[in-house]
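Asker: sequence below, structure please.
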Amino acid sequence: MSEQSEIDAAVKRLALALDALDAAVERRHEADRGEENLTRQLHTLGLDRTRLAEALDNETARSRKLEQTNREIAQRLDTAIASIQSVLSGAQQ
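Answerer: I've put the predicted structure just below:
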């Protein structure tokens, strides 16, 4: 092999290596962009989770309050029914 053909072959190998390096750098940039997107999505999901947990806590507290109010109303109704029945029983005698 002549000296010129050896240089040409080395230049070709160098060009191929540089092309491969450029492709690897581009793949790395794409991976980094993908990682950044995933990080943003993870952050957004965390915010959504926090907001939903707070909403759930509020609705749970509201539900408990409604259940307590319902029990109180049922107790008052039972008392009123018993009073009415007592009055009706007394009136019938």
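Asker: just say helix, strand or coil for residue 74.
Answerer: On the three-state scheme (DSSP: H, G, I helix; E, B strand; the rest coil), residue 74 is labelled helix.
Asker: now do residue 29 against residue 22, distance only.
Answerer: 11 Å (CB to CB, to the nearest Å). Heads up, the C-betas are built off the backbone N, CA and C, glycines and all.
Asker: same check, this time on residue 88
Answerer: For residue 88 relative to residue 22 (CB to CB), the value is 96 Å.
Asker: for residue 73, same thing?
Answerer: Taking CB to CB, one finds residue 73 at 75 Å from residue 22.
Asker: average pLDDT for the strand or helix carrying residue 28?
Answerer: Per DSSP states H and E: residue 28 is located in helix 3-92. Average pLDDT, helix 3-92: 94.
Asker: from the middle of its chain, how far away would that helix be?
Answerer: 1 Å (CA atoms, centre = their mean, to the nearest Å).
Asker: show me what that helix is packed up against.
Answerer: Contacts defined by 3 or more CB pairs under 8 Å, 6 or more residues apart in numbering; DSSP states H and E place helix 3-92 against no helix or strand at all.
Asker: quickly note the distance from the most centrally placed residue in the chain to residue 53.
Answerer: The centre of the chain sits closest to residue 45, judged by CA atoms, centre = their mean, with a distance of 3.7 Å. As defined by CB to CB, residue 45 lies at a distance of 12 Å from residue 53.
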